[in-house]
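Peer 1: sequence unknown, structure follows:
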């Protein structure tokens with residue numbers, strides 16, 4: 001699979017590797033501000049069809065906000081988000097809501113409904129889509145649970161009765177129930193022990209192998225980066241950027257990230273510590 005080998009830059013007209021029509025999801029010149037706080041600035045990313053893109057960077061650099069923009073759970077302050085070449089900002093609400101159903105989203109805290117059992121959590125999207133045949137719903141629920149390594153015997157359990165790893169897998173089963181063409185993972189291994197981290201990493205790889213899906217993974221876990229990434233993009237906090245520097249300071253393979261001559265990138269990949277902090281210590 002081909003990869004970017006150089007940093008992503010916003011440009012007008014955009015370079016060929018950022019043309020929105022070529023990609024399931026792309027951001028062009030995106031910024032996001034909360035009050036006076038700039039979280040994202042001049043961010044351009046194009047996610048290639050079928051790839052697993054991993055977005056890294058220290059806490060506070062806007063990784064999770066980037067995922068929410070990609071799925072249109074929030075709108076950019078400036079810039080544009082594209083789905084398959086079409087500007088999301090120009091879509092009618094009904095079209096946007098319908099297209100959003102082609103995305104699966106694994107939230108950092110799993111975001112299961114505490115008042116629902118496992119069965120109803122996984123079935124939720126199907127019911128929202130209007131599926132009324134209970135035999136069809138049950139078949140999909142059991143199939144998706146088995147796909148993530150869980151037995152149908154847990155269907156009557158509530159989320160509070162599950163371990164952290166099991167909640168992650170139930171949330172993934174729910175996301176996969178609608179057969180998404182794009183999967184977004186927000187810190188999928190946060191709070192998990194090394195064994196369960198390995199399980200989740202393998203599931204991310206298996207999801208892509210079993211179905212035609214494009215994936216974006218936000219993480220600070222280096223084992224996840226090394227296991228699942230076709231391409232890595234690193235974001236830098238806006239407060240540390242020079243006036244003309246794009247927020248995506250690197251885009252390339254894992255090997256290229258490890259060998260990067262940008263000390264911010266190589267330091268993060270070798271231990272997750274920004275170069276400035278490492279030198280100070």
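Peer 2: Cool, got the structure. Remember, predicted model here, so these are calculated numbers, not experimental data.

Peer 1: run a quick neighbour tally on the residue lying closest to residue 112 once chain neighbours are set aside.
Peer 2: Spatially, and ignoring its direct neighbours in sequence, residue 112 is nearest to residue 159 (4.2 Å; C-beta to C-beta, 6 or more residues apart in numbering). Heads up, the C-betas are built off the backbone N, CA and C, glycines and all. Neighbour count of residue 159, defined by other C-beta atoms under 10 Å: 19.

Peer 1: touching, residue 159 and residue 121? I think so.
Peer 2: Yes: under the criterion of C-beta atoms under 8 Å, residue 159 makes contact with residue 121 at 7.2 Å.

Peer 1: return every residue with contacts to both of the two.
Peer 2: With contacts taken as C-beta atoms under 8 Å, 6 or more residues apart in numbering, residue 159 and residue 121 have 112, 113, 170 as neighbours in common.

Peer 1: what strand or helix carries the second one?
Peer 2: Which is residue 113. Here residue 113 is covered by no helix or strand, with elements defined by DSSP states H and E.

Peer 1: and the closest residue to it other than its chain neighbours, what pLDDT?
Peer 2: Nearest non-adjacent residue to residue 113, counting by C-beta to C-beta, 6+ apart: residue 121, 5.6 Å away. pLDDT for residue 121: 95.

Peer 1: do the same with the one 4 residues further on
Peer 2: With respect to pLDDT, residue 125 has a value of 90.

Peer 1: same question for residue 240.
Peer 2: 88.

Peer 1: check the gap between it and residue 201 for me.
Peer 2: 29 Å (C-beta to C-beta, to the nearest Å).

Peer 1: one step back: residues near the residue nearest to residue 113, how many?
Peer 2: 26.

Peer 1: now it: which helix or strand?
Peer 2: Using DSSP H and E, residue 121 falls in helix 118-128.

Peer 1: chain center to the following helix or strand past that helix, what's the gap?
Peer 2: As assigned by DSSP H and E, the chain's next helix or strand after helix 118-128 is helix 134-147. Put simply, helix 134-147 sits 24 Å off its chain's centre (C-alpha atoms, centre = their mean, to the nearest Å).

Peer 1: buried ones in helix 134-147?
Peer 2: 137, 140, 141, 142, 144, 145, 147 (16 or more other C-beta atoms under 10 Å).

Peer 1: residues contacting the nearest residue in space to the fourth one that is not next to it in sequence?
Peer 2: Taking C-beta to C-beta, 6+ apart, and ignoring the residues beside it in sequence, residue 142 has residue 152 as its nearest neighbour in space, at 4.6 Å. Contacts of residue 152 were listed using C-beta under 8 Å, 6+ apart, and they are 141, 142, 145, 146.

Peer 1: could you measure from the first one over to residue 117?
Peer 2: In this structure, residue 141 lies at 11 Å from residue 117, with C-beta to C-beta as the measure.

Peer 1: ends of stretch 233-244, what's the gap?
Peer 2: 18 Å (C-alpha to C-alpha, to the nearest Å).

Peer 1: ugh, typo on my part, it should be stretch 129-137
Peer 2: 11 Å.

Peer 1: could you do stretch 240-252 as well?
Peer 2: Stretch 240-252: ends 21 Å apart by C-alpha to C-alpha.

Peer 1: cool, stretch 205-223 as well?
Peer 2: Stretch 205-223: ends 13 Å apart by C-alpha to C-alpha.

Peer 1: gap between it and the chain center?
Peer 2: 8 Å.

Peer 1: list the buried residues in it.
Peer 2: Result for stretch 205-223 [16+ other C-beta under 10 Å]: buried residues 207, 208, 213, 214, 215, 216, 217, 218, 219, 220, 221.

Peer 1: one step back: gap between the residue nearest to residue 142 and residue 141?
Peer 2: For residue 152, the distance to residue 141 - C-beta to C-beta - is 8 Å.

Peer 1: now residue 91
Peer 2: Taking C-beta to C-beta, one finds residue 91 at 30 Å from residue 141.

Peer 1: okay, and residue 255 sits in which element?
Peer 2: Going by DSSP H and E, residue 255 is in helix 254-258.

Peer 1: can you list the helices and strands that that helix packs against?
Peer 2: helix 222-228, strand 231-235, helix 263-271 (3 or more C-beta pairs under 8 Å, 6 or more residues apart in numbering; DSSP states H and E).
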